[in-house]
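Enquirer: Give me coordinates for this.
(one chain, ligands or ions: 1)
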Amino acid sequence: MRTAVYPGSFDPVTLGHYDIIERTAKMVDKLIIGVLNNKAKCPLFSAQERVNMLKEVTASLPNVEIQSFEGLLIDFVRGSHADIVVRGLRAITDFEYELQMAQTNRVIAPEIDTIFLTTNLKYSYLSSSIVKEIAEYEGDISEFLHPVIAARVREKLEERRR
Ligand code: COD
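Expert: Okay, the predicted model is just below:
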C-alpha cells in the first residue's frame, strides 16, 4: 500500500492546494494531509479549524485523510507509515526552500522521498497569504477558494474586527 503525506500550513486551504490534493489522491492508495499545528506562526485559523475545513473540501475523495501534527514532519510521516512526502511547486522562489527541506529530510530519514507536483498554471500565483491579505481589505476572494472556505475566511475576519 502506497501512502503519501502532503504537509502544510493550509491557513486556509486554497484551490492551488486542492489541485495538488486531487492529483496526488489519484496516484497513491492513501493520502494523508498533515496540517502543521504551529502556534508560533500566529495562523488565522486554529489547527482544528484548518483540519475541519480540509475535511469539508475533500469529502468526495475517499482515500484522503486529514490530521494535524506538531514537531518534525519526518516523525509524523514515519508515524503515519508513509514513505512519500508531496509538495507543490509554483515558481523558482518555492524551489530553493523546497529543495533544502527535501534534502534535509532525506538526510534525517533516507527511507522517505519527497516528490514535487508543479502547480496548475491557473493557480501558479496563488498563496494563502495573498488571499488573506485581499480578504483583510475586503476584496473578492471567491476566485481563489472553495465557496465554503471563502465564507469561513470572511466570518473569521469579521469576528476579529468586532
Ligand atoms: N499551487 C501549487 N502548490 C501550492 C500552491 C499553489 N497555488 N500554494 C501552495 N502550494 C504548495 C506549497 O508549495 C507547499 O508545498 C504546500 O502547497 C503547502 O503550502 P503551505 O504554504 O500551506 O505550507 P508550508 O509551506 O508553510 O508548510 C511547511 C511545513 C509545515 C511542511 C514545514 O514547515 C514543516 O515540515 N514543518 C514541521 C517542522 C519540520 O519538520 N521542520 C524541518 C523541515 S526540514
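Enquirer: Could you list the residues of this protein in contact with the ligand?
Expert: Within the chain, the positions lying close to the ligand (CB under 6 Å from any ligand atom) are 7-10, 14, 16-17, 20, 36, 72-73, 87-88, 90, 94, 101, 104-105, 119, 123, 126-128. In this view, the C-beta of every residue, glycine as well, is placed from N, C-alpha and C.
Enquirer: now, which of those residues lie within helices?
Expert: 16-17, 20, 73, 94, 101, 104-105, 128 (DSSP state H).
Enquirer: Quick one: buried ones out of the residues you listed?
Expert: Taking 16 or more other CB atoms under 10 Å as the criterion, what is buried in these is 16-17, 20, 73, 94, 105, 128.
Enquirer: Dump these to JSON lines, plus distance to Ala150.
Expert: Below are those laid out as JSON lines (distance: CB to CB, whole Å):
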{"residue": "Gly16", "distance to Ala150": "14"}
{"residue": "His17", "distance to Ala150": "14"}
{"residue": "Ile20", "distance to Ala150": "19"}
{"residue": "Leu73", "distance to Ala150": "28"}
{"residue": "Asp94", "distance to Ala150": "24"}
{"residue": "Asn105", "distance to Ala150": "33"}
{"residue": "Ser128", "distance to Ala150": "12"}
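Enquirer: pLDDT check: weakest of those residues?
Expert: Ranked by pLDDT, those bottom out at Asp94 (92).
Enquirer: Quickly note the distance from the closest residue to it other than its chain neighbours to Val28.
Expert: Nearest non-adjacent residue to Asp94, counting by CB to CB, 6 or more residues apart in numbering: Gly88, 7.6 Å away. Gly88 sits 15 Å away from Val28, going by CB to CB, to the nearest Å.
Enquirer: before we move on, what about Asp11?
Expert: For Asp11, the distance to Val28 - CB to CB - is 24 Å.
Enquirer: who has more neighbours, those two?
Expert: Neighbour count, other CB atoms under 10 Å: between Asp11 and Val28, Asp11 has more, with 24 against 20.
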